[in-house]
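K.L.:
Give me the fold of what follows.
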Amino acid sequence: MPPCDFVPEKYQSYPYERMLKIREQNIAPSLRMYYKKPLLLHQGHMQWLFDYEGRRYLDLFAGIVTVSVGHCHPKVTMAAQKQLACLWHTTNIYMHPSIHEYAEKLTSLFPDPLKVVYLTNSGSEANDLAMFMARLYTRNFDVICFR
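P.N.:
Sure thing, here's the model as predicted:
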């Protein structure tokens, strides 16, 4: 693997075997793991993941937002910290400059007449919304999907 000068913090939580036991006893089995010996990940940096023993992995699976920017990307971390210091969350019945500025920048990239966005907080929520809107528009309730 290519070199990496990032050094993860020392893992200081429960031992691996205790984590497995907690997973088995306290986490729904539908949230299953796909490996004989599941990874106990401890930290991420850019495209790298680090396990509880400090081993480094190239993250080819990713998840949600990390797909596009990597883990703990400095620019994203700084922007998130700046926003969290200002306002964490509010309902969408209020206005906030950041979301309006983002919507304007994003829709400026779209061709006419696509100038409206509906922002969601996750891919699952976006999929739910897409199905709801398609069903409402077409009056067809059948859905074909891949798992």
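K.L.:
Show me what secondary structure element comes after the worst-scoring helix or strand of the chain on mean pLDDT.
P.N.:
When each helix and strand of the chain is scored by mean pLDDT, DSSP states H and E, helix 66-69 comes last, with a mean of 67. Moving toward the C-terminus from helix 66-69, the next helix or strand (DSSP states H and E) is helix 74-86.
K.L.:
Make sure Q43 is indeed in a strand.
P.N.:
Yes. Counting by DSSP: H, G, I helix; E, B strand; the rest coil, Q43 is located in a strand.
K.L.:
okay, now it: neighbour count?
P.N.:
18 (other CB atoms under 10 Å). Where you see a C-beta, it was placed from the backbone N, CA and C, and this is true even at glycine.
K.L.:
In contact with it, which residues?
P.N.:
8-9, 49-50, 71 (CB atoms under 8 Å, 6 or more residues apart in numbering).
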